[in-house]
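K.L.:
test case, fold it:
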Amino acid sequence: MGAVRDSFPDRNRATGSLRPPSPDRMRLLRPSRIVPTMPSRPSTVSPNPEPKLSPPLLAPAGAPPLSRQPKLLDRLREALRARHYSPRTEQSYRHWVKRFIFFHHVRHPAEMAEPEVNAFLTHLAVKEKVSASTQNQALSALLFLYRHVLGRPIGDLGEVVRARRPKRLPVVLTRQEVKAVLGNLTGDKWLMASLVHGAGLLECLRLRVQDVDIAAGQITVRDGKGFQDRRTMLPEAVKGPLEAHLVRVRQIHLRDLAEGYGRVARPYALARKYPKAAATWGWQWVFPQEQRWVNPSSGHQGRHHVDESLVQRAVQTAVRKSGIPKHATCHTFRHCFATHLLGSRLRHPDRAGTPRPQGCQDDHDLHPCAQPRRPGRPKPRGCLVGSGPAILG
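P.N.:
Sure thing, here's the model as predicted:
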C-alpha cells in the first residue's frame, strides 16, 4: 500500500491533517475486477500471404526523367516530319485522326480495324456529305496512321460508300476583268497579285532574293509541289516595280543589321551548315513582313515573309470593288495564267502552211503575245510560249 500511496500523493500528509480520503479517491484505490485481455499473437504462417512491395526507386538528383511512351498524335507528327510531309498535310492528318477517334467514342485506333474505318468513311459521305477529295484525304490520313505509326496495314475495307467526284470547271477571268482587279490593288499587294497571274506563282510569298533573276527574266521556285524545284517566267511588266521593291527591302535589311537583327529562318539543316548565311542578302525574303518576330527555335529576332491571308483579303476586296460577280481568289489568277497563255498560243498557230499574221501586237497584258515559229522548225520541249522561256518541271 505504501507503493500505492507514493504513487498518489496526498495533500493531507503534507499539511498533517487526519482527514479521511474522499470517495473518489477510494474508488481510484479500489482494485479493478476487469481482467485485461491480451491480443492474440498472429500465426506464423498466413493462408494468403500478401507480397511485400519494394519501395519505389527514386531517380537520383540531376538524373533525366524516365522515358515514357509518346502519345499517338506525337508519334504521328514524328512519322510525318521524318518523311518530309508539308506542314499543311501534317495539320490535316492530325485533324482526321482526331475525328476518327472521337467518332468511335474515344477508342484507341489500335483496338479498331477495317470495319471502324469503313463506318467512318461511310458516315462522311452519307451524313456529312463531304466531297470526294475530302473523303480521300481522310482515308489517306488513316492509311498513314495504321501503316507507318501503328505498323499494321489495313486490308480490304469492303463496301465503302464513296463520295461522287463531280467534274467542275475552274473560274477564269477575262483579260479586262484581270486588269480591273489589278487596278484596285496598290503597292506590294499589286506586285504579289501580278506575279501570281503573270507567272502562275502561288509560292510568291516564299520567294527569296536569290531565287529571282531579273536579268534572265526567270524565277526559281524551291520545294514546290512534290518537293520539286521548277523555273517559271518573270513578267515584263513586273521587272521595273520588282527592282524598286527590292531596293526598299534591302534598305530595311541594312537597318535591321545595324540594330543587331536581320536574320531569317532557313530550311532543314542549313542553319547548322551555314550559320552566318542567315544574315546575307540572298537569303532574305522578297516580301518581308512589317514587324519583326522572334524565332521560337533559336530565339533570334528577324522578319518572316508576309502572311498569305493579307494577300487573300486584298484580292477579295479588289474583286468586290471591281463589281465582278465571279467568285475570284488568288487561285483564280493561276487558272487565268494558264488559260491566257493557251489562248495566245491558239491565236497564233504555228502549223505549216498557216498564213502568218501581218503584225503581232502585244495584248497590253503581263506578257507579250507569242511569236509564230517558222515552218519546219522543230518544236522545243517544255516550252508553252514561243517568245518566253521554257517552263521546267
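K.L.:
from Val247, how far out is the nearest residue to Ile214 once chain neighbours are set aside?
P.N.:
If the residues on either side of it in the chain are set aside, Ile214 comes closest to Lys239, at 5.6 Å by C-beta to C-beta, 6 or more residues apart in numbering. C-beta coordinates here come from the backbone N, C-alpha and C atoms, glycine included. Taking C-beta to C-beta, to the nearest Å as the criterion, Lys239 is separated from Val247 by 13 Å.
K.L.:
who has more neighbours out of those two?
P.N.:
Lys239 (14 against 9; other C-beta atoms under 10 Å).
K.L.:
in terms of contact, does the more buried one touch Gly217 like I think?
P.N.:
Yes: Lys239 is within contact range of Gly217, at 7.4 Å (criterion: C-beta atoms under 8 Å).
K.L.:
ok so, going back, pLDDT of the helix or strand the residue nearest to Ile214 falls within, averaged?
P.N.:
Element membership of Lys239 [criterion: DSSP states H and E] is helix 236-258. Mean pLDDT, computed over helix 236-258, is 92.
K.L.:
same question, stretch 128-141
P.N.:
pLDDT averaged over stretch 128-141 gives 91.
K.L.:
okay, that stretch in CSV with CA atoms only?
P.N.:
Output in CSV follows, covering the C-alpha atoms of stretch 128-141 (Å, rounded to 0.1, in the frame of the first residue of the first chain):
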residue,chain,number,x,y,z
GLU,A,128,-21.6,14.8,-93.6
LYS,A,129,-22.0,14.9,-97.4
VAL,A,130,-18.3,15.8,-97.9
SER,A,131,-16.7,15.9,-101.3
ALA,A,132,-14.8,13.1,-102.9
SER,A,133,-11.4,14.8,-102.3
THR,A,134,-12.2,15.4,-98.6
GLN,A,135,-13.1,11.7,-98.2
ASN,A,136,-9.9,10.6,-99.9
GLN,A,137,-7.9,12.9,-97.7
ALA,A,138,-9.5,11.3,-94.6
LEU,A,139,-8.7,7.8,-96.0
SER,A,140,-5.1,8.8,-96.7
ALA,A,141,-4.7,10.0,-93.1
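K.L.:
pull the number of nearby residues for Leu142.
P.N.:
21.
K.L.:
residue contacts, it?
P.N.:
96-97, 100, 117, 120, 154 (C-beta atoms under 8 Å, 6 or more residues apart in numbering).
K.L.:
how about stretch 122-136: buried residues?
P.N.:
122, 124-125, 130, 134-135 (16 or more other C-beta atoms under 10 Å).
K.L.:
columns distance to Gln291 and secondary structure on top of the residues you listed, output as a markdown table?
P.N.:
Below are the buried residues of stretch 122-136 laid out as a markdown table (distance: C-beta to C-beta, whole Å; DSSP: H, G, I helix; E, B strand; the rest coil):
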| residue | distance to Gln291 | secondary structure |
| --- | --- | --- |
| Thr122 | 47 | helix |
| Leu124 | 40 | helix |
| Ala125 | 44 | helix |
| Val130 | 38 | coil |
| Thr134 | 35 | helix |
| Gln135 | 40 | helix |
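K.L.:
may I ask which two of those residues are separated the most?
P.N.:
Thr122 and Thr134 (13.7 Å; C-beta to C-beta).
K.L.:
now the closest residue to Tyr85 other than its chain neighbours: how far from Phe333?
P.N.:
Of all residues not flanking Tyr85 in the chain, Tyr93 sits nearest, at 7.7 Å (C-beta to C-beta, 6+ apart). Separation of Tyr93 from Phe333 (C-beta to C-beta): 29 Å.
K.L.:
before we move on, back to that, what is the nearest of the buried residues of stretch 122-136 to Met233?
P.N.:
Thr134 (34.0 Å).
K.L.:
do you know how far that closest one is from His95?
P.N.:
11 Å.
K.L.:
so what pLDDT did Ala269 get?
P.N.:
Reported pLDDT for Ala269: 80.
K.L.:
what's the closest of the buried residues of stretch 122-136 to Asn184?
P.N.:
So of those, ranked by how close each gets to Asn184 (C-beta to C-beta), first place is Thr134, at 32.9 Å.
K.L.:
where's the closest one relative to Phe102, distance?
P.N.:
17 Å.
K.L.:
repeat that for Val126.
P.N.:
Taking C-beta to C-beta, one finds Val126 at 18 Å from Phe102.
K.L.:
helices along the stretch 1-150 of the chain, start to end?
P.N.:
2-7, 11-15, 23-29, 72-82, 87-103, 114-126, 132-144 (DSSP state H, counting those that start in this stretch).
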